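S.K.: show me how the following folds:
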Amino acid sequence: MMEMAQEYAKANVLSRRDGQDIIEEFSFELSKVQGKCLDIGSGPGDVTKDFLFPLLPHDVEVVGSDISQSMVNYARKNNSNERLSYIILDIEGRMPSEQIGQYDYVTSFYCLHFAYDLSHAFKNIFKLLRPNGKALVTFLEYHIVYEVYIRLSQNPRYEFYLQDAHRYVPYFQRKVYKNIETSLRKMLEDIGFEILHCSKREKCYQYNNQQILKNQMLSINPFISRMPDDMKDEFMGDLIKEIFKQDVWIPFENKNNEFLLKHYLLVAYIKKPQSAN
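M.R.: As a prediction, the model looks like this:
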């Protein structure tokens, strides 16, 4: 769980870029939303307010949600208005009765890869939606940092602090499937969703220097708060070194320190049937 709300708001360049891309891609669908919209994993609320909220019709009520009290507090202070509020919600937990069946639309950008039980998270989204309600979600299928967590958890210096590193690896990065897109479709259909769109995308992000990457990795790191202060810099240095040992980054020719880092996204646009309870 991410608690460094202010740091994350400054460093979430990747999730902002990818969230904005998906929101713009589905802008026509979002422009037709009616009623009440829930944004799951809204974090500091910047993507919700800056990109999602302006595309929705002016009579739509938007509720951002996050498992982290720190994130919700930051969002309420910095990114709320008369039609945009925030609540605490654990999408893997038991849904509050007052939230079930209350939403015409659900969005989630860069959150569901944190769900250890992804199917359960989608079942909860199904519960939150009204019949005929739709959901637009995008989340990481693979990012090298989660593989690096596992590698560092095997380092005797860090193993005590990373004992649960596997808990933070995205569902489809942990599982072995021949066709991930087909597996996601089946999961959603088994829950009861109608699939309007489902795809896997290879993406890259251009970093001007390693410090930008380090700041980003620090803001999402679930282990750093467990460590003594004199270990934190060493750990982050080793994490960045491990990333650059892998084949997912591409240096720019004739540009000092600039590089591309690859990752993979899953995008789903789904509907709860009218007949569903």
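
S.K.: what about stretch 106-122, distance to the chain center?
M.R.: Taking the mean C-alpha point of stretch 106-122 and that of its whole chain, the gap between them comes to 7 Å (CA atoms, centre = their mean, to the nearest Å).

S.K.: buried residues in that stretch?
M.R.: For stretch 106-122, the buried set under the neighbour-count rule, 16 or more other CB atoms under 10 Å, comprises 106-115, 118, 121-122. The C-beta positions use only the backbone N, C-alpha and C, and glycine is treated the same way.

S.K.: next: stretch 9-17.
M.R.: Residues 9, 11-12, 14-16 are the ones in stretch 9-17 that count as buried (16+ other CB under 10 Å).

S.K.: tell me the one of those residues nearest residue 251?
M.R.: Distances from residue 251 to the buried residues of stretch 9-17, taken as CB to CB, are shortest for residue 14 (18.3 Å).

S.K.: and what about the nearest residue to the closest one once chain neighbours are set aside, helix, strand or coil?
M.R.: With sequence-adjacent residues excluded and distances taken as CB to CB, 6 or more residues apart in numbering, residue 14 is closest to residue 205, at 5.1 Å. Going by DSSP: H, G, I helix; E, B strand; the rest coil, the secondary structure assigned to residue 205 is strand.

S.K.: do residue 263 as well
M.R.: The local conformation at residue 263, judged by three-state DSSP, is strand.

S.K.: could you check how far the closest residue to residue 177 other than its chain neighbours is from residue 230?
M.R.: Nearest in space to residue 177, with sequence neighbours left out and distances taken as CB to CB, 6+ apart, is residue 183 at 4.4 Å. Here the distance between residue 183 and residue 230 works out to 43 Å (CB to CB, to the nearest Å).

S.K.: more crowded one of those two?
M.R.: In terms of neighbours (other CB atoms under 10 Å), residue 183 is the more surrounded of residue 183 and residue 230; the figures are 14 against 7.

S.K.: residues contacting residue 89?
M.R.: Contacts of residue 89 were listed using CB atoms under 8 Å, 6 or more residues apart in numbering, and they are 40, 65-67, 96, 99.

S.K.: nope, residue 275 is what I was after
M.R.: By CB under 8 Å, 6+ apart, the contact list for residue 275 reads residue 131.

S.K.: quick one: contacts for the residue nearest to residue 14?
M.R.: In this structure, residue 205 makes contact with 13-14, 17, 260-261, 263, judged by CB under 8 Å, 6+ apart.

S.K.: so can I have TSV of these showing distance to residue 221?
M.R.: Output for the contacts of residue 205, formatted as TSV (distance: CB to CB, whole Å):
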residue	distance to residue 221
13	16
14	14
17	20
260	22
261	16
263	16
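
S.K.: would you map the strands across the stretch 151-277 of the chain?
M.R.: Counting by DSSP state E, counting those that start in this stretch, residue ranges of the strands within the stretch 151-277 of the chain are 194-207, 249-251, 259-271.

S.K.: many thanks, have a good one.
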